[in-house]
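Visitor: Pasting the sequence and the predicted model now:
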Amino acid sequence: MQAAQEYLSRWPGTAIDILQLDRTVNLVEERIDLALRITNDLDPNLVARRLGCCRSVVCASPAYLKAHGTPQRVQDLALHNCLTYSYFGKSLWQFEGANGPESVPVSGNLSANTSNLLLKSTLLGSGVSMQPLYSVAGHLERGELLPLLTKLEPRRLGVYGIYTTRKQMSPLLRSFIDFLVERMAQDPLWQEPSQRSASWAPSSPSAQ
């Protein structure tokens, strides 16, 4: 939403109609010019332009960790109340570490189709969740949430602008996609880190 407002401010006289949906849409049938998707599974029948990278972090509130303990290994997550996203990682969380990929089956008493709802529940101390780094960076910095298992990183996802064809692309659509590429390239939260690190993790021992 903020990116759209910045674009409209830069180019007065333009207009954008935004639909926030929790499902995959048919761009042709629903007459949608551009879809923004966070995924590693692209539809080969559509044109995709990579905009950035979505990094995630597994986190919990200090209150939850005080009550239930801090997981020290990936497999410990199976013993915790994990709040999961309905369409991604609902029963299996995947990580990359120094020794290669690791995964753990997870479950909990709450699943939702929006990360914002899971974030609110995590802040309330309801459980452990895997959140996009861009959503929780401020909460981590303020200590409202603590990152877990920081020597590992949840599987990264690509952020793409999806459209039907390069032919007959309107100047407005091309301009907006170029703007998104430019804007996200300037934000480190949307980019691949220069090296594998946990630079966002506080140094507190409780976060290790």
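Guide: Received, thanks. Residues are numbered from 1 along each chain as shown.
Visitor: packing partners for the longest helix seen in the chain?
Guide: Taking DSSP state H as the criterion, the chain has its longest helix at helix 171-185. Judged by 3 or more Cβ pairs under 8 Å, 6 or more residues apart in numbering; DSSP states H and E, helix 171-185 is in contact with helix 2-10, strand 47-54, strand 157-163. The way it works is simple: take the backbone N, C-alpha and C, and place the C-beta from them, glycine included.
Visitor: who wins for proximity to residue 27 among these?
Guide: strand 157-163 (6.8 Å; Cβ to Cβ).
Visitor: Report the angle between that closest one and helix 171-185.
Guide: Here strand 157-163 runs at an angle of 170 degrees relative to helix 171-185 (axes from the mean of the first three to the mean of the last three Cα atoms, to 10 degrees).
Visitor: Quick one: mean pLDDT for strand 157-163?
Guide: For strand 157-163, mean pLDDT is 92.
Visitor: quick one: the closest residue to residue 62 other than its chain neighbours from residue 136, how far?
Guide: Nearest non-adjacent residue to residue 62, counting by Cβ to Cβ, 6 or more residues apart in numbering: residue 146, 6.1 Å away. To residue 136, residue 146 is 10 Å away according to Cβ to Cβ, to the nearest Å.
Visitor: go on, residue 84?
Guide: From residue 84 to residue 136 the distance is 16 Å (Cβ to Cβ).
Visitor: Please apply the same query to residue 15.
Guide: 32 Å.
Visitor: Neighbour count: the two, which is higher?
Guide: More neighbours surround residue 136 than the other of residue 15 and residue 136, with 23 against 7 (other Cβ atoms under 10 Å).
Visitor: correct me, but that one touches residue 57?
Guide: Yes: if you go by Cβ atoms under 8 Å, residue 136 and residue 57 touch, sitting 6.2 Å apart.
Visitor: List the backbone torsions phi and psi for the residue nearest to residue 62.
Guide: The phi/psi pair for residue 146 (degrees, to the nearest 10) reads phi -120, psi 130.
Visitor: Quick one: neighbours of it, just the number.
Guide: 23.
Visitor: Let me know the pLDDT of it.
Guide: So, for residue 146, pLDDT stands at 98.
Visitor: Tell me if I'm right that it and residue 59 touch.
Guide: Yes: because the distance of 6.2 Å satisfies Cβ under 8 Å, residue 146 is recorded as touching residue 59.
Visitor: Residue 75 looks like it's in a helix, true?
Guide: Yes: counting by DSSP: H, G, I helix; E, B strand; the rest coil, residue 75 is part of a helix.
Visitor: Run a quick neighbour tally on it.
Guide: Around residue 75 there are 12 residues (other Cβ under 10 Å).
Visitor: and the residue positioned nearest the centre of the chain, bridged to which residues?
Guide: With distances taken as Cα atoms, centre = their mean, residue 132 lies nearest the centre of the chain, 3.2 Å away. Assessed by DSSP bridges, residue 132 has beta-bridge partners residue 56.
Visitor: how far away is the residue nearest to residue 62 from residue 121?
Guide: Applying Cβ to Cβ to residue 146 and residue 121 gives a distance of 16 Å.
Visitor: what distance separates stretch 6-24 from the middle of the whole chain?
Guide: 20 Å (Cα atoms, centre = their mean, to the nearest Å).
Visitor: quick one: common contacting residues for residue 146 and residue 59?
Guide: residue 140 (Cβ atoms under 8 Å, 6 or more residues apart in numbering).
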